[in-house]
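> What would the 3D arrangement of this be:
(chains A and B)
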Protein chains: 2
Amino acid sequence: MILHKITEVREKIKEWKKEGLTIGLIPTMGALHAGHKSLIDKSVEKCDRTVVSVFVNPIQFCPGEDLDKYPRTLDKDNELCEQSNVDIVFAPTPKEMYGEGHILSNDFLTYVIPPYFYVNKLCGKSRVGHFDGVCTVVNKLFNIVQPDFAFFGEKDAQQLIIIKKMVKDLNIPIEIIPCPIVREPSGLALSSRNKYLKEEQKEYAVALSKILFNIKSCYKKGITDTNALLETAYTYLTPNHNLEYLEFCDENTLEGKSTADDNTRVFIAVKIGDVRLIDNILLK
Amino acid sequence: MILHKITEVREKIKEWKKEGLTIGLIPTMGALHAGHKSLIDKSVEKCDRTVVSVFVNPIQFCPGEDLDKYPRTLDKDNELCEQSNVDIVFAPTPKEMYGEGHILSNDFLTYVIPPYFYVNKLCGKSRVGHFDGVCTVVNKLFNIVQPDFAFFGEKDAQQLIIIKKMVKDLNIPIEIIPCPIVREPSGLALSSRNKYLKEEQKEYAVALSKILFNIKSCYKKGITDTNALLETAYTYLTPNHNLEYLEFCDENTLEGKSTADDNTRVFIAVKIGDVRLIDNILLK
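The predicted structure is shown next:
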């Protein structure tokens, strides 16, 4: 069932709560792929009812980013959800989420702001304000759906860590379930933005996962100096790869690491042409 | 029943929710007086169960403010609550609310930040960061108690308006119930900070309500120019009154008003010695 209004969702949720049913939420921006599908399957298995939100959230896009051209495929998304036994697809308009005139600046809108230490690195460094927008909309979706569990992909690992921190800091009564990255046979992590890649760019894109897999295998062989691990990446990079960052951080606190350990997650972001891709791996 | 741990509160709440009972929350910093009592009575009347939180929230005090000397009277507060049929007094420590080492800066803590337009005026102008701390702790208390209704006094009208805005912006499934100011026979609005006033200062303090009542009566007589209304205040002010602000704002949006109408609220803040007092009145 596809619903566009907050009040409609609340009604359904109220019914379910009365019956004592558990609810799972998967917040998405649509353009669903097998990665999302793995989150949906986990929720359908774990929870009595599953809600997928499909909302391209304007306040998490920075100036110059791809808000207008971000892929919107609601009919296909809805089909995938129906086939996967999702109970509600919640697809609000920006007006429904942010009100008449939907003024989005922090002059007129209450924001949920994650801690600077978690934000001022990795994707947050180039995407200023991005995680403020993410936390704010996720908080809103949490309040609308009031799920018992919410499912997030490890693909966006910084986002996942920041959401977990928000849940802890604000005492949100929801359990966050992390779900592993789904990859193409080539190793390329699935992403809605892969649609932007031309055929030859897709070949370059494989470098991200190759770099990460190789770092992990070097770590398993006993190399823990993160500078040494970092250097192994350059074999895979060509002038077609615009490396934004390759960093080693603690899995929970996002603290930078000079010596890798099992709790270290390696984060990479590369621009190929106009397409910005991210990937990551836990060394454990 | 007095509880100090979040998990204990959650357990009770869970029981009540299972039984389908409605819950009212009154967030306070303790030092309860007849103003708080009026909120409590309203909740006890309206809701099946009532929770009063007593927590002197460190992150809403600005540098140089009265965090350490703020009155703490938990035994008396608990007594008043028991006599008023409150079901739970929730009195957590700062450590319980903000964690081990409770690091309170926005480097390491997720904050809920109200819109700049609502904050950059009246009390927010001199108390920088105050409403960030208020919104963050209220959000936390909302998530811990998950009440159906939350009761706030009109005494802190800017706070009330900001909380209502937060609830709307973040789709928090809670109804905010505003409660009228309780006054001494002299007109002085009740406040936990009145305890700081020496006897002769109390006499000066009456000026705040006198100014507001007089402005309202002038408005009722047909004066709507806010500059003219403002000028009527000076009769009541002496060198012992340090006027911080006297402003006319829209009751819902906090927009400044040059012409008063029924939706105009008049806000005043005065320092008498070291004691900062606030009051307000709706012209309707």
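
> List the buried residues for the strand or helix carrying A:Phe267?
Per DSSP states H and E: A:Phe267 is located in strand A:264-272. Residues of strand A:264-272 classed as buried: A:264-270, A:272 (neighbour count, 16 or more other CB atoms under 10 Å in any protein chain shown). Glycine gets a C-beta too; all of them are placed from N, C-alpha and C.

> quick one: A:Ser192 and A:Val54 touch, right?
No. When contacts are counted by CB atoms under 8 Å, A:Ser192 is not listed as touching A:Val54 (11.2 Å).

> Please name every helix or strand in contact with the host helix or strand of A:Met166.
A:Met166 belongs to helix A:157-169 when assigned by DSSP H and E. Judged by 3 or more CB pairs under 8 Å, 6 or more residues apart in numbering or on different chains; DSSP states H and E, helix A:157-169 is in contact with helix A:116-119, helix A:123-126, helix A:130-145, strand A:149-153, strand A:175-179, strand A:264-272.

> cutoff 6 Å now
Judged by 3 or more CB pairs under 6 Å, 6 or more residues apart in numbering or on different chains; DSSP states H and E, the packing partners of helix A:157-169 are helix A:130-145, strand A:175-179.

> tilt between the longest one and helix A:157-169?
Calculated by axes from the mean of the first three to the mean of the last three CA atoms, to 10 degrees, helix A:130-145 forms an angle of 50 degrees with helix A:157-169.

> on that earlier part again, who's more crowded, A:Ser192 and A:Val54?
A:Val54 (23 against 18; other CB atoms under 10 Å in any protein chain shown).

> Now do the same contact list for the more buried one.
By CB atoms under 6 Å, 6 or more residues apart in numbering or on different chains, the contact list for A:Val54 reads A:28, A:30, A:77, A:91.

> Could you rerun that using 7 Å?
For A:Val54, the contacting residues are A:28, A:30, A:74, A:77, A:89, A:91, by CB atoms under 7 Å, 6 or more residues apart in numbering or on different chains.

> got CSV for those, with neighbour count and distance to B:Leu104 too?
Below are those laid out as CSV (neighbours: other CB atoms under 10 Å in any protein chain shown; distance: CB to CB, whole Å):
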residue, neighbour count, distance to B:Leu104
A:Thr28, 24, 34
A:Gly30, 21, 38
A:Leu74, 15, 42
A:Asp77, 24, 41
A:Val89, 24, 40
A:Ala91, 19, 38
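
> what's the most distant pair in the residues you listed?
Greatest spatial distance among those (CB to CB): A:Thr28 and A:Leu74, at 11.1 Å.

> what's the host helix or strand of A:Glu231 in contact with?
Assessed by DSSP H and E, A:Glu231 sits inside helix A:226-231. The list of residues contacting helix A:226-231 from outside it, by CB under 7 Å, 6+ apart, reads A:215, A:218-219, A:223, A:246, A:248, A:257-260.

> Quick one: mean pLDDT for stretch A:171-181?
Per-residue pLDDT over stretch A:171-181 has a mean of 98.

> Check whether it comes near chain B.
Yes. Counting by CB under 7 Å from any CB of the partner chain, contacts between stretch A:171-181 and chain B involve A:171-173.

> Let's see the ChimeraX selection covering just the buried ones among those residues.
Burial among the residues of stretch A:171-181 next to chain B is assessed by 16+ other CB under 10 Å; the matching ChimeraX selection reads:
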select /A:171,172,173
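
> now the strand holding A:Phe267, how far from the centre of its chain.
14 Å (CA atoms, centre = their mean, to the nearest Å).

> Stretch A:126-139 too?
With CA atoms, centre = their mean, you get 11 Å for stretch A:126-139.

> what comes up buried for that stretch?
In stretch A:126-139, counting by 16+ other CB under 10 Å, buried: A:127, A:129-139.

> From these, pick the one nearest chain B.
A:Asn139 (5.5 Å; CB to the nearest CB).

> Alongside chain B, which residues does the stretch 51-200 of chain A contribute?
Counting by CB under 7 Å from any CB, the stretch 51-200 of chain A sits next to chain B at A:106-117, A:139-140, A:143-144, A:146, A:165-166, A:169-173.

> Which residue ranges make up each domain of chain A?
The record's domain parsing of chain A by automatic domain parsing lists A:2-179, A:192-279.

> And the residue of the stretch 151-284 of chain A closest to chain B?
Closest to chain B within the stretch 151-284 of chain A is A:Asp169: 3.8 Å, counting by CB to the nearest CB.

> Okay then, goodbye and thanks.
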